[in-house]
Structure formats: C-alpha cells, structure tokens
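Q: I need the structure of the sequence given here:
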Amino acid sequence: MATHATGTFEITGWNEEDFEELDGGGKLTHAEVSQTFTGAIEGAGSVRWLMCYRPDRSADWVGLQLIDGEVGGRKGSFVLRSAGVFDSPKAAGDWTVVTGSATGELAGLSGSGRIEAPMGSQATYTLDYEL
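A: Residues are numbered from 1 along each chain as shown. Down below sits the predicted model:
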C-alpha cells in the first residue's frame, strides 16, 4: 500500500535562458533550478525544466529533477519526471519517480504525485510512494 507524503519546497536558485524565439511571440527556454524540500521529503533538489511560453506568457514545462535526502526517514537520492502548466498566478503539474533511479535506502522507490507553486518561491507537493 502506498504512503501519502506531503510537504513544501522552496526555490533557492533559478537560472533561465531563452534558446528559441517562436513566430507569434512565444519562446522556448531552459531553466536550472535549485530547491530545498521539507516535510515527508527532506533534502536538496535540482531540476532542469524546458518551457514553451505562449504569447500570453503562460507556458507548458517538462523536466527531470534529482532529489538527494530522505523520504520517510530513509536516506538516498531519486529522480522525478515532471510536466505541467504555468498560467499566472501559479505553476502546477504532476511528477513520477523514474523507475530504477533511487539509490541508498531509497532503492526500489516508486510513486507519483503533484506539485503546485504560486508566484513566489514556496510550493507544495504530494508524493504517493512505495518502498
């Protein structure tokens, strides 16, 4: 049976660069982001997001995120695949543990959840996981 985990994360660094301008006013960007997680997940995160902005400044995003720390008191690291939408005033999306990516006491971790981030630096997450 899956364990339901909740908590928050704070964005501690954000470096975003455009790499393609689109006809009509949109653009493609790449962001390197660092985070600090608290709650059921305790530790540091780093993520790379690719974003497609529309002319109205809303965007779709996809990414891979490495978390190094603890889940439910067990130490290790794991990778999450994430995808979502930013439509001011918030970003929201789903994430899934990449099969086989977990290390240490987290080896075998599987699960999925959701993140929601209002404008600003603090966001909430859920992760329904099995170990």
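Q: Pull the number of nearby residues for Gly73.
A: Residues lying near Gly73 (other C-beta atoms under 10 Å) number 8. From N, CA and C alone the C-beta is placed, and that goes for glycine too.
Q: Can you report phi and psi for it?
A: Main-chain dihedrals, Gly73, degrees, to the nearest 10: phi 80, psi 0.
Q: Any figure for the gap between it and Gly111?
A: Noted for Gly73: a distance of 16 Å to Gly111, by C-beta to C-beta, to the nearest Å.
Q: for Trp14, same thing?
A: Counting by C-beta to C-beta - Trp14 and Gly111 are separated by 26 Å.
Q: what do you get for Thr38?
A: Taking C-beta to C-beta as the measure, Thr38 and Gly111 are separated by 18 Å.
Q: between those two, who's got more neighbours?
A: Between Thr38 and Gly111, counted using other C-beta under 10 Å, Gly111 has the larger neighbour count: 21 against 13.
Q: Make sure Arg54 is actually in contact with Gly26.
A: Yes: with contacts counted by C-beta atoms under 8 Å, Arg54 reaches Gly26, the gap being 5.1 Å.
Q: Go through the chain and flag its longest strand.
A: Longest strand in the chain, counting residues (DSSP state E): strand 3-21.
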